[in-house]
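Enquirer: this one's structure only:
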Ligand SMILES: O=C(O)CCC(=O)C(=O)O
């Protein structure tokens, strides 16, 4: 059984002493043999587990399919990919809110329209505690970002698939993935490692804008939920923990409104953002049946 207490972090740049509740990959802990490092020794950087490459595309599901068909597919594959389920206008408006924050914080190229999310050319990526978190704390207080997890179309879909009333976790998450910031690409992991509660919790990953493969969208390891909870090891990227599993990696060239929904044991991670200058923005909302156990952490704001 996984025992981590840290929640999956946004994708920040590393700092020497990260906040462990939200931190990206931290330096490897000192062992008994190395408790007195040479004064000049630098903390070691964890390695990536995998640079995910897609083996295929998702099997597509449709909002109008019967609940039992969707439920069986979710139980078999560990995910559902549904084009156009999320409300496009709400997503565009959240995207604009986040990009305006990025512009205020000097992260966007001032010569390009804000809506394009073009990262400003600078020597380093935003530093975690002093640059990323001040923006993220503002972001997670925004009304439209939080309200969208309760969107009736999404809730109705979950009620149909899970067969009854739904609890939408209030711990809503947004991510900003920087172009060619490969040391922060989310590594393969299971959300249950972070969220606990009932394993029958489902994350919905929603790109805030079209997200072709080169922009670094989410990928799923097909059927990997069937392995149950796995041990995780320190690695790079959001959350700083990852796992190794067997199975084909599936993904998509996402369009705005598309969602991928997956079980808390489903191994997933991100493709690298290979674009030269574009930010990839996305949301993670989580849902479960309302009578099942929920960890108190899932009821608190992310990064608050
Ligand atoms: O968007 C990402 O890079 C990671 C998202 C993720 O891992 C999650 O939703 O649990």
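Expert: Yes, it's here. If you're wondering where the values come from, they're calculated on a predicted model, not measured in any experiment.
Enquirer: Near the residue nearest to residue 275 when sequence neighbours are not counted, how many other residues are there?
Expert: Distances taken as Cβ to Cβ, 6 or more residues apart in numbering put residue 179 closest to residue 275, at 4.9 Å, once the chain neighbours are dropped. Quick note: C-beta positions are derived from backbone N, CA and C, even for glycine. Neighbours of residue 179 under the rule other Cβ atoms under 10 Å: 21.
Enquirer: The longest strand along the chain pairs with which strands, and in what direction?
Expert: Longest strand in the chain by number of residues (criterion: DSSP state E): strand 280-289. As defined by DSSP bridges, the strand partners of strand 280-289 come to strand 166-168 (antiparallel), strand 173-177 (antiparallel), strand 202-207 (antiparallel).
Enquirer: now the spatially closest residue to residue 131 that is not a sequence neighbour: how far from residue 209?
Expert: Among residues not flanking residue 131 along the chain, residue 105 sits closest, at 7.2 Å (Cβ to Cβ, 6+ apart). From residue 105 over to residue 209 the distance is 19 Å, taken as Cβ to Cβ, to the nearest Å.
Enquirer: So for these two, which sits in the more crowded spot?
Expert: Neighbour comparison, residue 105 and residue 209: the larger count goes to residue 209, with 20 against 15 (by other Cβ under 10 Å).
Enquirer: and the stretch 101-250 of the chain, which residues reach the ligand?
Expert: 175, 177, 186, 191, 203, 205, 218, 238 (Cβ under 6 Å from any ligand atom).
Enquirer: Now render those as JSON lines, adding neighbour count and pLDDT.
Expert: Below are these laid out as JSON lines (neighbours: other Cβ atoms under 10 Å; pLDDT from 0 to 100):
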{"residue": "175", "neighbour count": "24", "pLDDT": "97"}
{"residue": "177", "neighbour count": "26", "pLDDT": "97"}
{"residue": "186", "neighbour count": "26", "pLDDT": "97"}
{"residue": "191", "neighbour count": "23", "pLDDT": "98"}
{"residue": "203", "neighbour count": "24", "pLDDT": "98"}
{"residue": "205", "neighbour count": "24", "pLDDT": "98"}
{"residue": "218", "neighbour count": "27", "pLDDT": "98"}
{"residue": "238", "neighbour count": "26", "pLDDT": "85"}
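Enquirer: buried sites along stretch 265-276?
Expert: Within stretch 265-276, the residues scored as buried using 16 or more other Cβ atoms under 10 Å are 265-273, 275.
Enquirer: ok so, going back, now do the contacts for the residue nearest to residue 275.
Expert: If you count contacts by Cβ atoms under 8 Å, 6 or more residues apart in numbering, residue 179 has them with 119, 273-279.
Enquirer: Which of the three states applies to it?
Expert: coil (DSSP: H, G, I helix; E, B strand; the rest coil).
Enquirer: For it, give its distance to residue 143.
Expert: Per Cβ to Cβ, residue 179 is found 29 Å from residue 143.
Enquirer: and if you look at residue 268?
Expert: 28 Å.
Enquirer: same check, this time on residue 174
Expert: As defined by Cβ to Cβ, residue 174 lies at a distance of 13 Å from residue 143.
Enquirer: Same check on residue 94?
Expert: 10 Å.
Enquirer: So those two - more neighbours on which side?
Expert: Neighbour count, other Cβ under 10 Å: between residue 94 and residue 143, residue 94 has more, with 24 against 9.
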